[in-house]
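Colleague: Could you look at this predicted model? Sequence included:
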Amino acid sequence: MLSRRACRAIIGAPEVTAPPATPAPTSARLFVRQSSGLVRNVSVTNALFFNVAAFVGVGLTLYPIFYSLAFVPVWKFGPLSEYGWAAIVAGLFCAVLALIFASLSSVMPRSGGDYVFTSRIVHPFLGWMESWTLVIASILIIAFEVPLVLRNLQITARIIGIGPGGHFFDNANTWFTDSTGGITGSPGFIGSLVVLAVIGLVVILPTRTFHRVVTALAAFGVAGFVAMFIFGLAATSRSSFESHLPHYTGGVTAQQIAASGKAEFIAGHTHHFLSDLFSTTVFPFMLSILLFQYIGFQYSAYIAGEVRGNVKRGVLIALLGALSIGVLANSFYVDLISNHLGFDTNVSWGAAYWGFNSHLSALPMGQPNAMPLLGAVANKSLWPIWALISLAGTVFPFLLCPVYINFISRMQLAWSLDRQVPEWFGNVSERLRAPLNAILATLGFTGVLLFFQSYNALPHFLATTGNKLNLAGTAWFSITMAILTWTMPGLNALLVRFRRPDLIRNAPFRKALPWLGLVWLVFPIWVYVFAVGKPIEKSLRGTGRLHYLETNGILDALLFYGIGLAIYVAMLLRTRAAGVDTKMLFAEIPPD
């Protein structure tokens, strides 16, 4: 049988040509499923060191100052302090969190991390608020770390001054400081802006080059950990440290420093270990400090859209590897060295740095108790090694900043793809393979926070201590902003099988996800109820309520929660007016 077209050819009938199809509407307002523009250039090794760089910060040399940041007495049990045990407990729970992230990332391997998970599993509003508060918390941590880069430069110079000496290095305490001796005012602000400019140069490197730089510098930092642990224990002694210390502190002895904090910060050895672990008055505060320390170990999951190869394997190795380093560094590393040189001295000295220890008239040596600085006091003949370790301690807080800005920009890219912010905000530069506008916005907001840390320019109700942000307040501000960051992954794991089973059909640990979510949720809920909620409730019934809320950054956090809510409502109205079907938008995962 001949075809219709062949019959027409035989009888000479004209061939009928189908009319051209009507072109589909090309309105940019309605086209929401475009490519992200990112490239999978991140290896497993890159992801591991990305996570390490994201959470170590000043810890390599300054972990001892965090004993007292919780402002509770520090007890000891066995070889570890309360801080060390908190690091282990937090680490065990965070291992559960790592399994949740690895499972969800393997079936939703997109940049944006838990923002993508929450907005698809629970609700776009909670996804937005979780990621918005995480961005603010992370930028606060950047603002926390930048002045400590300058502080570590001072400490490195002081170590050189203890070694070969020299007027320039002996007077390093005056670098970047105003008349108060603090890294603040115009000298501190200008120094911080210079550091921020260098951070900007690193973060705008092309993606592959950026990760090579991060991996190399983070490996140098990890080598600093190993060197400090070996030489700090093998090449120093407490007797040598205590005999040399008064020469550098104007006669103040280690015993006097230790005694100054005994009443408020030293609890001695506990005989009620289990009851102390389940305390609702002391231990939750220490756990909250470990949440502050560990935030960042999971950030490679937020750049899963750039991890090449097996995403589940890559993310899981990166998270658990970084977490292992974090647990060891925050427990045995810091506790063994602090015990070796004098635990009570380290706790009281750190409290003086935060401004909590009123029994010391001046900060010893004008510096926090950095481990390589104490090593130089105990054995100055090894000053080149101590200076090199201190330099590694300077690199880590510096490196944290571009890593944070990198992951923040990927989350902001996910926002723009979902129309949570204007589309131009997340445009990916072809040369950088990164969202340049988002990076510049983050750098700019960090500069604003550095300004408010340096000058008395904030309204009194936002900063009652000198009308400016302080480091301790900034830390608690960040902890408060991160509530949803720590709780929503557990809620996602708990609900995903019931709300979006289509998304996890092939997910690893799929059947265990609800149980993993339930186990994880116990931890952040316990911490935030007893370390944040309970003190707020007490302060609101007391007389010094404003001072407590400001000092702990909670009032400032409430302000940013309100700003986040306003942005969400404004963008929701704008998106609906543009005719975008938001229900369909969040039914799918973002484009690759």
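Modeller: Received it, and whenever you're ready, just let me know what you need.
Colleague: Give the buried residues for stretch 376-392.
Modeller: For stretch 376-392, a neighbour-count test (16 or more other Cβ atoms under 10 Å) marks 376-380, 382-383, 385-392 as buried. C-beta: built from backbone N, CA, C; applies to glycine.
Colleague: So which residues of this structure form strands?
Modeller: With DSSP state E as the criterion, the chain has strands at 74-77, 80-81, 266-269, 428-429, 434-435.
Colleague: Tell me the strands beside the second one, with direction?
Modeller: Spelled out, that is strand 80-81. Here strand 80-81 has these sheet partners by DSSP bridges: strand 74-77 (antiparallel).
Colleague: how far out from the middle of the chain is the partner strand?
Modeller: The chain centroid and the centroid of strand 74-77 are separated by 26 Å, computed with Cα atoms, centre = their mean, to the nearest Å.
Colleague: can you list the residues that contact that strand?
Modeller: 67-68, 81-83, 85, 265-270, 273, 276, 286, 343, 347 (Cβ atoms under 8 Å, 6 or more residues apart in numbering).
Colleague: Quick one: mean pLDDT over it.
Modeller: Averaging pLDDT along strand 74-77 gives 90.
Colleague: Would you mind measuring from residue 242 to residue 61?
Modeller: With distances taken as Cβ to Cβ, to the nearest Å, residue 242 is found 20 Å from residue 61.
Colleague: Neighbour count: these two, which is higher?
Modeller: With neighbours defined as other Cβ atoms under 10 Å, residue 242 and residue 61 compare such that residue 61 has more, 32 against 19.
Colleague: follow-up on the earlier one: any idea which of the strands of the chain is most buried?
Modeller: The highest mean neighbour count among the strands of the chain, using mean count of other Cβ atoms under 10 Å, belongs to strand 434-435: a mean of 27.
Colleague: Tell me who's in contact with residue 517.
Modeller: Applying Cβ under 8 Å, 6+ apart to residue 517 gives the contacts 100, 489-495.
Colleague: got those residues as a markdown table, with distance to residue 212 columns?
Modeller: Converted to a markdown table, the contacts of residue 517 look like this (distance: Cβ to Cβ, whole Å):
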| residue | distance to residue 212 |
| --- | --- |
| 100 | 29 |
| 489 | 30 |
| 490 | 35 |
| 491 | 37 |
| 492 | 33 |
| 493 | 34 |
| 494 | 39 |
| 495 | 39 |
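Colleague: Please check the residues you listed and keep the buried ones.
Modeller: Taking 16+ other Cβ under 10 Å as the criterion, what is buried in the contacts of residue 517 is 100, 489-495.
Colleague: rewinding a little: buried only: go through the contacts of strand 74-77 for me.
Modeller: Buried members of the contacts of strand 74-77, counted by 16+ other Cβ under 10 Å: 67-68, 81-83, 85, 265-267, 270, 276, 286, 343, 347.
Colleague: Spit out the contact partners of the nearest residue to residue 380 once chain neighbours are set aside.
Modeller: Distances taken as Cβ to Cβ, 6 or more residues apart in numbering put residue 162 closest to residue 380, at 5.0 Å, once the chain neighbours are dropped. Residue 162 makes contact with 248, 376-377, 380, 383, according to Cβ under 8 Å, 6+ apart.
Colleague: Would you map the helices across the stretch 301-450 of the chain?
Modeller: Here the stretch 301-450 of the chain has its helices, by DSSP state H, counting those that start in this stretch, at 311-328, 334-341, 343-354, 371-378, 383-417, 436-454.
Colleague: longest helix anywhere in this protein?
Modeller: The longest helix of the chain (DSSP state H) is helix 124-162.
Colleague: Okay, angle between that one and helix 343-354 too, please.
Modeller: Here the directions of helix 124-162 and helix 343-354 differ by 110 degrees (axes from the mean of the first three to the mean of the last three Cα atoms, to 10 degrees).
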